[in-house]
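Chemist: predicted model and sequence follow; I will ask about them next.
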Amino acid sequence: MDIQKRELWHQLTNESERAHRAFQTFLNLPSNDRTVVEAYRSHVGNPEAAKPSDTWAKWSRDFAWAERAKAYDDHLTSLRREAYERAIEEEAERQAREVEKTRGRMNELLTVAYDRAMDCLQDEDWVSRNLRASDVIQIMRLHMDAVKAFDAERESGAEAEWTEEDERDVADIVKEVDELEFPDELPDEDGEDSDHDTGDD
């Protein structure tokens, strides 16, 4: 059989219904206005009423109105703090999910760009018409930076840095690109070389 926990601001076993209703009026006042006089005036609905009867003063003393009201205020403060902390945790979790989602999407896009750049790099004709070698290298470097940063942060939270091995890899790629034969001038939009000899001497 479940028994609801009784708090100090609940009706006490030796507290009559009338006495408890009077206490509730006292409890519902703003903490700075909690006095027996103000509670009585609120109870009777007359702000100009005279001082309460001795009965109200006795109830206030016998049933520790001030201490019980303080316990109730502390309870509400605790609830507000817990709700505030829960809200912060939920917002932090939501932001973390959004960040992870964004990182995943960026990694996908960089991977696609990297794969396409590598395909283009292997097609000398396409490279000579559409892409400079420096563009390909930049795409590759961006991809490698993003992958390293993503993996490093996921594992340890540390910022990723380029290693000597990475530098050697990039140097090898640059060397391969430099060995490709590129035209001195890219063709104009009409397909003619910009320095095409017109034959006019």
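Modeler: Arrived safely.
Chemist: what's the domain layout of the chain?
Modeler: 17-63, 104-179 (automatic domain parsing).
Chemist: by mean pLDDT, show me the worst of those.
Modeler: Within these, confidence is poorest for domain 104-179, with a mean of 66 (mean pLDDT).
Chemist: so where's the longest helix in this protein?
Modeler: Assignment by DSSP state H gives helix 65-122 as the longest helix of the chain.
Chemist: what helices or strands is it leaning on?
Modeler: helix 17-27, helix 124-130, helix 133-155 (3 or more C-beta pairs under 8 Å, 6 or more residues apart in numbering; DSSP states H and E). Just so you know, the C-beta spots here come from the backbone N, C-alpha and C atoms, and that holds for glycine as well.
Chemist: what residues of stretch 22-32 count as buried?
Modeler: For stretch 22-32, burial by neighbour count (16 or more other C-beta atoms under 10 Å) applies to 22-23, 25-27.
Chemist: stretch 86-94 now?
Modeler: Across stretch 86-94, burial judged by 16+ other C-beta under 10 Å covers no residue at all.
Chemist: then it to CSV, C-alphas only?
Modeler: Output in CSV follows, covering the C-alpha atoms of stretch 86-94 (Å, rounded to 0.1, in the frame of the first residue of the first chain):
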residue,chain,number,x,y,z
ARG,A,86,17.2,19.7,-16.8
ALA,A,87,16.5,22.4,-19.3
ILE,A,88,20.2,23.2,-19.7
GLU,A,89,21.1,19.5,-20.0
GLU,A,90,18.4,18.9,-22.7
GLU,A,91,19.5,22.0,-24.6
ALA,A,92,23.1,20.9,-24.5
GLU,A,93,22.2,17.4,-25.7
ARG,A,94,20.1,19.0,-28.5
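Chemist: quick one: average pLDDT of that stretch?
Modeler: 90.
Chemist: state the distance from residue 47 to residue 65.
Modeler: Distance of residue 47 to residue 65, computed by C-beta to C-beta, to the nearest Å: 20 Å.
Chemist: those two: which has the busier surroundings?
Modeler: Taking other C-beta atoms under 10 Å, residue 47 and residue 65 do not tie; residue 65 has more neighbours (22 against 8).
Chemist: from residue 135, how far out is the more buried one?
Modeler: 79 Å.
Chemist: equivalent analysis for residue 14, please.
Modeler: Counting by C-beta to C-beta, the gap from residue 14 to residue 135 is 87 Å.
Chemist: which one's more surrounded, those two?
Modeler: Each of residue 14 and residue 135 has its neighbours counted (other C-beta under 10 Å); residue 135 has more, 14 against 8.
Chemist: which residue sits closest to the more buried one, ignoring its sequence neighbours?
Modeler: residue 117 (7.7 Å; C-beta to C-beta, 6 or more residues apart in numbering).
Chemist: okay, now the one you found: neighbour count?
Modeler: 20.
Chemist: wait, isn't it in contact with residue 140?
Modeler: Yes: using C-beta atoms under 8 Å, residue 117 is in contact with residue 140, at 6.2 Å.
Chemist: and residue 2, what pLDDT?
Modeler: 42.
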